[in-house]
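In: here is a sequence with its predicted model. Questions after.
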Amino acid sequence: MRDATHTEPIDWSTGSWLHQPVRVAGTPEGGLAVEPSAGSDLWRHTSYGFVHDDAPALLAPLPTGTAVEVSFRLEWTEQFDQAGVLVRVDERNWIKAGVEVSDGQPQVGAVVTRELSDWSVAPVPEWAGREVTVRASRAGDALTVRARVAGEPWRLVRLAPLPPEAEVTAGPFCCSPSRGGLVVRFTGWRQGPADAALHPEE
């Protein structure tokens, strides 16, 4: 993959809220502070037996051949608190990717939902307190998700199918399934061309 250097900022006012947060406010640095409602989540059926589709997400179109990046400060420590990128076709078909606290530490991961949700995570305790960027790149029949902290290389998080003809929106999301009072400080939202390749060039 080529380094993503050709992104342009997306103004927060460009997006539309999938679900309105409890509170949203601009930050002095030009970011966005978002408080999701207590118990908010995105999940369909698998293992837990419930459907949740009430997390706040600020979405804008994601055409084929483009990528979206969302950055945030990783400042939360409570079980299942999470933030990142939501890529949404409809309520039964979506992908969320970012950092979630699970089993006592931050984990980078993704949930791919095609009627039923799945889940994959990897621990990243060294990311705590730092700025994290999650990148979702749409090309052909696939969505490639990568993540990193500032100054470090991209890590591949997930490769998932995404039909090229689907109308898709994407942008920052956050939720707090186990409590209220989480506030996520998003520091950036950008869009640019899709990744040139799945694997690094020789």
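Out: Arrived safely, thanks for sending.

In: would you agree residue 191 is in contact with residue 68?
Out: Yes. With contacts counted by Cβ atoms under 8 Å, residue 191 reaches residue 68, the gap being 5.3 Å. Where you see a C-beta, it was placed from the backbone N, CA and C, and this is true even at glycine.

In: those two - which one has more neighbours?
Out: Neighbours per residue, other Cβ atoms under 10 Å: of residue 191 and residue 68, the larger number sits with residue 68, 28 against 19.

In: hang on, isn't the more buried one packed against residue 190?
Out: Yes. Judged on Cβ under 8 Å, residue 68 makes contact with residue 190 at a distance of 7.1 Å.

In: which residues do those two both contact?
Out: Common neighbours of residue 68 and residue 190 (criterion: Cβ atoms under 8 Å, 6 or more residues apart in numbering): residue 10.

In: ok, residue 97 - contacts?
Out: For residue 97, the contacting residues are 84-85, 87, 109-111, 134, 136, 145, 147, 157-158, by Cβ under 8 Å, 6+ apart.

In: of the residues you listed, which is the nearest to residue 21?
Out: Minimum distance to residue 21 across the contacts of residue 97 is 15.1 Å, recorded for residue 84 (Cβ to Cβ).

In: give the helix, strand or coil label for that closest one.
Out: Recorded secondary structure, residue 84: strand (DSSP: H, G, I helix; E, B strand; the rest coil).

In: what about the residue nearest to the spatial centre of the chain, distance to residue 104?
Out: Closest to where the C-alpha atoms of the chain average out (Cα atoms, centre = their mean) is residue 85, at 1.6 Å. Using Cβ to Cβ, to the nearest Å, we find residue 85 at a distance of 24 Å from residue 104.

In: again, but for residue 178
Out: Separation of residue 178 from residue 104 (Cβ to Cβ): 13 Å.

In: quickly list what's touching both of those two.
Out: Common contacts of residue 178 and residue 104, defined by Cβ under 8 Å, 6+ apart, comprise residue 79.

In: mind checking which of these two has more residues around it?
Out: Each of residue 178 and residue 104 has its neighbours counted (other Cβ under 10 Å); residue 178 has more, 14 against 10.

In: looks like residue 162 contacts residue 144 (just checking).
Out: No. Assessed by Cβ under 8 Å, residue 162 is found out of contact with residue 144, at 9.5 Å.

In: so the residue lying closest to residue 163 once chain neighbours are set aside versus residue 60, what's the distance?
Out: Of all residues not flanking residue 163 in the chain, residue 141 sits nearest, at 6.4 Å (Cβ to Cβ, 6 or more residues apart in numbering). Residue 141 sits 22 Å away from residue 60, going by Cβ to Cβ.

In: kindly report the same for residue 157.
Out: From residue 157 across to residue 60, the span is 21 Å (Cβ to Cβ).
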